[in-house]
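In: What shape does this take:
(chains A and B)
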Amino acid sequence: MLKRKRDKEVSITSGEQAIMNKETEGLSQSQIVLRRFVRHRAAMTSVFVLTFIVLAVFSALETKIGPVRIPGWWKFKYDELLDLRIQGCPEGIVGCPSLDVVPSFIDGTGMGLGRHPFGQDDIGHDYFSMVMRGAQRSLYVTVVIGFLGGTIGIIIGSISGYFRGWIDAALMRFTDFIITIPTIIIGSVVGFHFGNLGVGFLAFYLGLFAWTGLSRLVRGEFLKLRELEFVDAARVAGASNRRIIFKHILPNAIGVIIVSITLLMSGAILLETALSFLGFGVVAPDVSLGSLISQYQDSFTTRPWLFWWPGLLIITIALCINFIGDGLRDAFDPRQRRRLTKKDKVRAKVQARIAAASE
Amino acid sequence: MIAYISRRLGVLFVILLGSSFILYNLAAISGDPLGDLRLSKEINAKQQIIALTRDLQLDVPPPLRYFLWLRGILGTFIGNPDFGLTRTSKPVIDEILVALPITIRLVTAATIIAIVLGITIGIVTALRQYSRFDYAMTFISFLLYSLPIFWVAVLLKEYLAIQFNTFLGEPTIALRWLIGLSVASGVFWAAIISGTRKRVFMIFGGVFIANFALLSFLSVTGWFANPSLGPIVLGILSVGVAYGVTQLSTGITNKAALRSSLAMAAYTVIAYYPIQWLFEMNSKALIYPAMIIVGFAVAVVVSLQFSKIDRGPIIRTSMISTFIMGLLVVIDQLMQTWKPYMESDAVYFRPIPTIGQVNALIEPGNFWISLLDALVHMFLPTLALLLISFAGYVRFSRGTLLEVLNQDYIRTARAKGLTERTVIMRHAFRNTMIPIATIIVVDFASIIGGAIITERIFGWIGMGTLFNQAINSFDLNLLMGVFLLTGFLAVSANLVADLLYSALDPRIRAGAGGK
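Out: From the prediction side, this is the model:
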């Protein structure tokens, strides 16, 4: 009984393989990866959600680029003091959110954003614009850390894995050296004493220390790939070291690298919020999602909206990045098998019959 | 091998030297430890400045002062360690020795539970790849992975402490909660076991009804106010443990193993009242280790009685069963302590605290009350840490097991006709544990310094608090003391992980890669 089941499994697996091969016929590597990624439902949803969040967050408030001012679509500034909303709030509480998602046939009042959809803080700032501002800062830090950490990690990892020998030993000991200093300590020392230099400085500094895991990973990939035949072929054809590294080996390691950078970024947003929570990150009057939560954690029982919105935004952003990373990992993994749907199997059967009939 | 280890230790030493030098100077230039005193209008501010300058040798420039500090540290090798003084003129080493056990207590339970739960769920999801349960757990673990711990902690405080305490003061479950909990557990079990649609509904229905009946029975009889297992429930649970452990450890067909585990279950029930009597006496602390040893000794004797050949696995099985049954006895005892604990003046029906590591009002002396108090204080921080770290283990063990299941030796094992249990537990699971064992070591070392936020939110005075305090008051010696410990742990954990890997996996030889 068991044996028969297993035989069946084997035949299904080889059938699946045939369907997979059919699907990837005549496509380039990047096309295959893109196809696989687009098919990953959670990852694609995350791409849309994240794009939406980024666009909304960065266009909500007024942006200054040098002398140019681009007005935002939201009516308040994050540091503007406004009258506290009293009407419609529960007894004794001011500045409650005016967002109403319950349609009028249930509670009599219609759906709508209202004046302060996310409510107001204790002195009257519009909380929606504060959250938008906080998300801008947090996203900015995330991107800088991802970019800087990614670049340094790739360079150090590839040089050390490609050249091996004493260069490798020196660079890897240097990496160990950076690993010993916990990131949160670096962040705290830097953030506490140079926090007033602005969020850009903080992000830059954190990025300088965020590359260690990535560089080890890239080194491992390079050690493996440099022994393969195509590298020998390139070398025999007279390619320089730089060309071999960047044109031949790096594209083959790109899957691992991209996945690892997304993980780095989702870690970075949590790191920034954690530092701001401890008071070492973004400092007042500027805000970040972490500092907002830190500031209002005690008011959870009385004014929970001050606590929910920044938290939900952090989770959504980190979740999206993680899912995108997962989708990319699956897309880049050549051994990855997608679960075949019934439609695929029917289509494969039809194709097999057509092929048989034409013979 | 010895050459390899000593070379690595040498490198470790040099690395710590370098990074401590950098950190020392970085921290020294970043702030003035005398800043607030200089601005102070107190009359004796001047004397305080002079005293501090003398104690902390602040008149020496930082790069040179580092070497003064280093001389003290190197004194460890000649048995005379000197980690310097804090700003309040206490020896740094004393502060650390007080804080370290607290942090370890905080993180140990969370780490162990996260490992056990995470690996279990990771393995189940891998075995049920692409099932509903797999998708659900993938989503949950990603969600947990994205949670900021300080945010979770505030939610836990509100819902699991403040509102749960209100429930515990008046422990009857409202109908909507009854239904909600039963539906949740029904969905959970149906998703794990899965199968055809009909079977899923059967499981869901069965679990729902059983859960509903059990919870309403407990609620009506006031069990939550005065919980205990009693010998009968203990016996039933022990028999369950005996079957479960035997199935996982040797397979249920091994009659000798099953019999000896069942005998241990019987022994647990028989020994129930004598054990209660011993607990009542509450005389010497020596009695607890003695009981543990007796328990294991009985397990060995019993399994020797039941087996003739191949005794190792059978002894192992009954030892594991005995361990779990012992835990059940302890849980029972803690449950019996619950009522007096709740009614004591120090607690007064608000058992779950949001802050602190012990209740100072509890009178010391009663072992079980103190244990329960410590556990109750650990509850929320442990849960917060657990939620955060658990997701990583689920993902990692799932990925590793899937990889292992694709290996040729698994196909060989199946081809030669081994049972599915043997293939999974002996061939796949053991090989999955190799990489997991190495990340556990590294994780544990890093979490010692990484519980800063948890400690702060839940008001524990551990390593994280020390560190925070050191940064905020420019306390250089304290900062370096904390760093030295966490840095040392991090680097040596990496070394241990490498050695462990080569010890567990004969294909990898430590040191062979170096040259």
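In: hang on, isn't B:Pro81 packed against B:Pro91?
Out: No - shown here, B:Pro81 and B:Pro91 do not form a contact pair, counting by CB atoms under 8 Å, at 9.6 Å. For the C-beta atoms, the positions are set from N, CA and C on the backbone; glycine is no exception.
In: burial count for residue 67?
Out: Reading this off chain A. Neighbours of A:Pro67 under the rule other CB atoms under 10 Å in any protein chain shown: 5.
In: look at chain B instead
Out: 13.
In: so where does it fall, helix or strand?
Out: helix B:62-74 (DSSP states H and E).
In: residues touching residue 187, list them.
Out: In the absence of a named chain, this looks at chain A. When contacts are counted by CB atoms under 8 Å, 6 or more residues apart in numbering or on different chains, A:Gly187 touches A:Leu202, A:Tyr205, A:Leu206, A:Leu271, A:Leu275, A:Phe280, A:Gly281.
In: my question was about chain B
Out: Per CB under 8 Å, 6+ apart, neighbours of B:Val187: B:Phe204.
In: what about the longest helix in the chain?
Out: Here I'm looking at chain A. Scanning chain A for the helix with the most residues, using DSSP state H, yields helix A:127-163.
In: Actually, chain B is the one I wanted.
Out: Across chain B, the longest stretch assigned as helix under DSSP H is helix B:367-405.
In: Report the buried residues of the following helix or strand past that helix.
Out: Next along the chain after helix B:367-405, taking DSSP H and E as the criterion, comes helix B:408-415. For helix B:408-415, the neighbour count (16 or more other CB atoms under 10 Å in any protein chain shown) marks B:Ile410, B:Ala413, B:Arg414 as buried.
In: do stretch A:320-339 as well
Out: Across stretch A:320-339, burial judged by 16+ other CB under 10 Å covers A:320-332.
In: will you turn those residues into CSV that also has distance to B:Ala497?
Out: Shown next, in CSV, are the buried residues of stretch A:320-339 (distance: CB to CB, whole Å):
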residue, distance to B:Ala497
A:Cys320, 32
A:Ile321, 27
A:Asn322, 25
A:Phe323, 29
A:Ile324, 29
A:Gly325, 24
A:Asp326, 25
A:Gly327, 30
A:Leu328, 27
A:Arg329, 23
A:Asp330, 28
A:Ala331, 30
A:Phe332, 27
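In: Return the member of these nearest to chain B.
Out: Nearest to chain B, judged by CB to the nearest CB, of the buried residues of stretch A:320-339 is A:Asn322 at 5.0 Å.
In: shouldn't that closest one be in contact with B:Leu144?
Out: No - A:Asn322 is not in contact with B:Leu144 according to CB under 8 Å; the separation is 10.4 Å.
In: Distance from the one helix or strand A:Leu55 maps to to the middle of the chain?
Out: Using DSSP H and E, the element containing A:Leu55 is helix A:41-60. Averaged C-alpha coordinates place helix A:41-60 at 11 Å from its chain's average position (CA atoms, centre = their mean, to the nearest Å).
In: packing partners for that helix?
Out: helix A:29-39, helix A:127-163, helix A:305-332 (3 or more CB pairs under 8 Å, 6 or more residues apart in numbering or on different chains; DSSP states H and E).
In: buried ones in the first one?
Out: Within helix A:29-39, the residues scored as buried using 16+ other CB under 10 Å are A:Val33, A:Arg36, A:Phe37.
In: Dump these to TSV, plus distance to chain B.
Out: Listed next are the buried residues of helix A:29-39 as TSV, based on distance: CB to the nearest CB, whole Å:
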residue	distance to chain B
A:Val33	19
A:Arg36	15
A:Phe37	17
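In: Get me the contact residues on the stretch 401-515 of chain B for chain A.
Out: B:406, B:414, B:446, B:449-450, B:452-453, B:456, B:467-468, B:471-472, B:483, B:486-487, B:490-491, B:494 (CB under 8 Å from any CB of the partner chain).
In: If any of those are buried, give me the ChimeraX selection for them.
Out: To isolate the buried subset of those in ChimeraX, counting by 16+ other CB under 10 Å, use the following:
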select /B:414,446,449,450,452,453,456,467,468,471,483,486,487,490,491,494
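In: so of the residues of the stretch 401-515 of chain B next to chain A, which ones are in helices?
Out: Going by DSSP H, the helices hold B:414, B:446, B:449-450, B:452-453, B:456, B:467-468, B:471-472, B:483, B:486-487, B:490-491, B:494 from these.
In: just the strands in chain A please.
Out: A:63-65, A:68-70 (DSSP state E).
In: Reformat those into CSV and put distance to B:Gly75, mean pLDDT and mean neighbour count next to each item.
Out: Listed next are the strands of chain A as CSV, based on distance: least, CB to CB, whole Å; pLDDT from 0 to 100; neighbours: other CB atoms under 10 Å in any protein chain shown:
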stretch, distance to B:Gly75, mean pLDDT, mean neighbour count
strand A:63-65, 56, 71, 10
strand A:68-70, 61, 75, 9
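In: closest to chain B out of those strands?
Out: Going by CB to the nearest CB, the one of those nearest chain B is strand A:63-65, 26.6 Å.
In: Closest residue of the stretch 51-200 of chain B to chain A?
Out: For the stretch 51-200 of chain B, CB to the nearest CB, closest residue to chain A: B:Ser146, 3.4 Å.
In: Could you list which residues are in contact with that residue?
Out: A:Ser266, A:Leu270, A:Ile314, A:Ile315, A:Ala318, A:Leu319, A:Asn322.
In: do the same with A:His40
Out: Applying CB under 8 Å, 6+ apart to A:His40 gives the contacts A:Asp326, A:Gly327, A:Asp330, A:Ala331.
In: again, but for A:Arg303
Out: A:Ile93, A:Gly95, A:Cys96, A:Gly119, A:Asp122, A:Tyr296.
In: change it to 7 Å
Out: The contact partners of A:Arg303, by CB atoms under 7 Å, 6 or more residues apart in numbering or on different chains, come to A:Ile93.
In: So what touches stretch B:469-481?
Out: Here stretch B:469-481 makes contact (CB under 7 Å, 6+ apart) with A:188-189, A:192, B:20, B:24, B:27-28, B:31-33, B:56, B:69, B:83-87, B:92, B:95-96, B:466-467, B:482.
In: Could I have the buried ones of those as PyMOL selection syntax?
Out: Here is the PyMOL command that picks out the buried ones among the contacts of stretch B:469-481, judged by 16+ other CB under 10 Å:
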select buried, (chain A and resi 188+189+192) or (chain B and resi 20+24+27+28+31+33+56+69+83+84+85+86+87+92+95+96+466+467+482)
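In: Mind jotting down where the helices sit in the stretch 101-250 of chain B?
Out: With helices called from DSSP state H, counting those that start in this stretch, the stretch 101-250 of chain B shows them at B:132-145, B:149-156, B:164-169, B:175-193, B:197-220, B:230-249.
In: tell me which of the buried residues of helix B:408-415 is nearest to chain A?
Out: Once CB to the nearest CB is applied, the member of the buried residues of helix B:408-415 that ends up nearest chain A is B:Arg414, at 7.3 Å.
In: tally of neighbours for the residue of the stretch 251-400 of chain B found nearest chain A?
Out: Closest residue of the stretch 251-400 of chain B to chain A, CB to the nearest CB: B:Arg395 (9.0 Å). If you count neighbours by other CB under 10 Å, B:Arg395 ends up with 19.
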